[in-house]
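Participant: sequence plus predicted model, see below.
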Amino acid sequence: MPIYEFECEECGACFEELVTAGTTAAPCPECGAGRTRRLISAVSPPGRVPRGARVRADESRRRDREAARQDRLLESRKRRAAGERP
Ligand SMILES: [Zn+2]
């Protein structure tokens, strides 16, 4: 039996399922929905690209937070400097 890759139309999960040839849908292991579609390509793991994109998004969010923190630090330092001078 071939292994096919499916994508859940309910929650978007990708999973591999051992099914008989010709099967076009398998229940989603994540949410149990029956509305899944078989992916044509099985060359690369489908989870790889989204995962990488998520990591990059996390990384840029972290940089944004860091930048905002620096801004606040700079701002409070400026305010303090302004307050100290009459
Ligand atoms: Zn699902």
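Facilitator: Cool, the structure landed. All of these numbers come straight from a predicted model, not from anything done at the bench.
Participant: so which bits of the chain are right by the ion?
Facilitator: Contact residues (C-beta under 5 Å from the ion) of the chain with the ion: Cys8, Glu10, Cys11, Ala13, Cys28, Glu30, Cys31, Ala33. Just so you know, the C-beta spots here come from the backbone N, C-alpha and C atoms, and that holds for glycine as well.
Participant: from these, pick the one nearest Arg72.
Facilitator: Distance to Arg72, by C-beta to C-beta, is smallest for Cys11 among those, at 37.5 Å.
Participant: helix or strand for Glu7, which one?
Facilitator: Element membership for Glu7 (DSSP states H and E) is strand 3-8.
Participant: so what does the closest residue to Ala21 other than its chain neighbours have for phi and psi?
Facilitator: Excluding its sequence neighbours, the residue lying closest to Ala21 (C-beta to C-beta, 6 or more residues apart in numbering) is Pro2, at 6.2 Å. Dihedral angles phi and psi of Pro2 (degrees, to the nearest 10) take the values phi -80, psi 150.
Participant: give me the pLDDT for Pro2.
Facilitator: Pro2 carries a pLDDT value of 80.
Participant: so it sits against Glu17, correct?
Facilitator: No - the pair Pro2 / Glu17 is not scored as a contact, 9.8 Å apart, by C-beta atoms under 8 Å.
Participant: what about this protein, any weak spots by pLDDT?
Facilitator: Applying pLDDT under 70 to the chain picks out residues 41-56, 84-86.
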